[in-house]
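> need coordinates for the following:
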Amino acid sequence: MLYGGYQHSVDKKGRVFIPSKFREELGEGFIVCRGIYGKRCLCVYSADQWDKLVEKIGTLPSTKASAVKRFLYDGAFNVEFDSQGRILIPAALREYAQLENEAHIIGMDTNLEIWSNALWAEENDTYTPESVAAIMEELNF
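Here you go, the predicted structure:
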């Protein structure tokens, strides 16, 4: 399970360090793509999780599946870790997610999200103890 939040710099070449606990769970080869949940972040999926996502997308009606595939696949890249535990984020994805000097990396159970600091601050400001409690009430937990 991927969880936790980390701050890391994005170097001039577009590389960002991925914490070792995330690297272990992602494995050797994985996919980085545009976020598909209406947010301007990037998502990182292990090969297994990517296959599960692709399979679920395939269950959508064909016009909806095609729309999601066009958006998702056009901005999806296979990436690997370098010897220092960094990944190179392609320029198109850095531009999409507005990544410049700093990145906030979040474990989201089955995948990672990579946010620019500014966009993460905006997003995180929307969550309050009260708003999360209201969502949790739906779980009866």
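> select the longest helix from this structure.
Secondary structure of the chain read by DSSP state H shows that its longest helix is helix 62-74.
> now that one: buried residues?
Residues 68, 72 are the ones in helix 62-74 that count as buried (16 or more other C-beta atoms under 10 Å). Just so you know, the C-beta spots here come from the backbone N, C-alpha and C atoms, and that holds for glycine as well.
> residues touching it, excluding its own?
Contacting residues not belonging to helix 62-74 are listed as 33-34, 36, 57-60 [C-beta atoms under 8 Å, 6 or more residues apart in numbering].
> what about 10 Å?
For helix 62-74, the surrounding residues in contact (C-beta atoms under 10 Å, 6 or more residues apart in numbering) are 31, 33-36, 43, 50, 53-54, 56-60, 76, 92.
> let me know the closest of the residues you listed to Asp109.
Cys43 (11.9 Å; C-beta to C-beta).
> how about the secondary structure of that closest one?
strand (DSSP: H, G, I helix; E, B strand; the rest coil).
> spit out the contact partners of it.
31-37, 49-50, 53, 72, 75-76, 97, 108, 110-114.
> any idea how far it lies from Lys12?
24 Å (C-beta to C-beta, to the nearest Å).
> cool, Ser66 as well?
Distance, Ser66 to Lys12, using C-beta to C-beta: 37 Å.
> next one: Ile106
Taking C-beta to C-beta, one finds Ile106 at 24 Å from Lys12.
> next, the buried residues of the helix or strand hosting Glu113.
Using DSSP states H and E, Glu113 sits in strand 112-116. Buried residues in strand 112-116, counted by 16+ other C-beta under 10 Å: 112-116.
> partners of the one helix or strand Ile106 maps to, with directions?
Assigned by DSSP H and E, Ile106 belongs to strand 102-109. Partners of strand 102-109 in the sheet, by DSSP bridges, are strand 2-9 (antiparallel), strand 112-116 (antiparallel).
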